[in-house]
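# Sequence and predicted structure are below.
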Amino acid sequence: MRIAMATVFAAATVAATVVSSQTPSRPRSANGPTFDVISIRPHPEDGPVSNVVYQRPDGGFSLTALPASHLIIRAYALVFGDDIVGLPEWAKSERYDVSATSSLSQATTDERLGMWRAMLVDRFRLVAHLEKRIRPAYDLVRARRDGRLGPGLTRVALACEAEPCAMRVEPHGSSRFGLLLAGETTLAALATQLRATVQRPVVDKTGLHGRYRVRLIYDDMASRLGLEAASWPDLGPSLSTAVREQLGLRLRSSTAAQDTLVVDHIERPTEN
């Protein structure tokens, strides 16, 4: 079971031209700094799988056993993998060990993203563009005509230094598929959090402002099985049922225009 914890970032403008270099370990860019040295190696088939990225203050990093799709997600500050279309299967399945060094002392967010993008253009020959696409989605709305909320959603007077406030997802109950989603947050941030399970964009249309304390208990397996969930014994409520009964909200099928990264061209990485 894969549990996705998401933080909302704004998608950045995508470079659409290929930058060439005679020295692949030092990609050249006319805009901003680039990594000094880059190492990209295929991950051994029998090697351990990890999803940890070690990011250093100078912008350099190292990661193990991650596909090219993950590199693109990080480079363009995307939240979910389905925000990318046009990737070949190898870019989602073949895993790489990647490390890069930087001569900066303290890289800003924009500098880090720029260096990641330059690496993708130079080593993977990435060409991509950003466009709005209409995609299946859910609207998060109030479930009751009187607007009354459920016991798992209460308004709080809470000041946060960061937006959104902290939320957590952790195992709950005897089943390894039972989950607890809890914390203090905005409804817009809650909608983004719910997307990790429903695997569609979720748009907050509750009209509720301010911050709320959320306590939501649901079964991830029941959510993914849908109508087949009845055949599994001892499953808890699906996410949609829990949202309705515990929060007094509802997930309504809809469509939404979403920023989508369209990959026009990508190649397996050049040798070190």
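Cool, got the structure.

# how about residue 221, secondary structure?
helix (DSSP: H, G, I helix; E, B strand; the rest coil).

# change the start of the numbering to 21 and stick with it
Happy to do that; since the first residue is 21 now, the last one works out to residue 241.

# any idea how far the nearest residue to it once chain neighbours are set aside is from residue 288?
Leaving aside its sequence neighbours, residue 241 sits nearest to residue 197 (C-beta to C-beta, 6 or more residues apart in numbering; 3.8 Å). (C-beta placed from N, C-alpha, C; glycine too.) To residue 288, residue 197 is 36 Å away according to C-beta to C-beta, to the nearest Å.

# One more: residue 206?
Distance from residue 206 to residue 288, counting by C-beta to C-beta: 41 Å.

# Would you agree residue 265 is in contact with residue 257?
Yes - applying C-beta atoms under 8 Å, one finds residue 265 in contact with residue 257, separated by 6.9 Å.

# who has more neighbours, the two?
For residue 265 versus residue 257, neighbours defined as other C-beta atoms under 10 Å are more numerous around residue 257 (19 against 16).

# Settle it for me: which of residue 197 and residue 288 has more neighbours?
Ranked by neighbour count (other C-beta under 10 Å), residue 197 and residue 288 place residue 197 first, with 20 against 16.

# show me what contacts that one?
Contact partners of residue 197, counting by C-beta atoms under 8 Å, 6 or more residues apart in numbering, are 21, 239-242, 255-256.

# need those in JSON lines with pLDDT and neighbour count, can you?
Shown next, in JSON lines, are the contacts of residue 197 (pLDDT from 0 to 100; neighbours: other C-beta atoms under 10 Å):
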{"residue": "21", "pLDDT": "36", "neighbour count": "9"}
{"residue": "239", "pLDDT": "86", "neighbour count": "24"}
{"residue": "240", "pLDDT": "80", "neighbour count": "23"}
{"residue": "241", "pLDDT": "75", "neighbour count": "19"}
{"residue": "242", "pLDDT": "71", "neighbour count": "23"}
{"residue": "255", "pLDDT": "70", "neighbour count": "19"}
{"residue": "256", "pLDDT": "76", "neighbour count": "21"}
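
# Reformat the residues you listed as JSON lines; add distance to residue 201.
Shown next, in JSON lines, are these (distance: C-beta to C-beta, whole Å):
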{"residue": "21", "distance to residue 201": "14"}
{"residue": "239", "distance to residue 201": "12"}
{"residue": "240", "distance to residue 201": "10"}
{"residue": "241", "distance to residue 201": "15"}
{"residue": "242", "distance to residue 201": "14"}
{"residue": "255", "distance to residue 201": "17"}
{"residue": "256", "distance to residue 201": "13"}
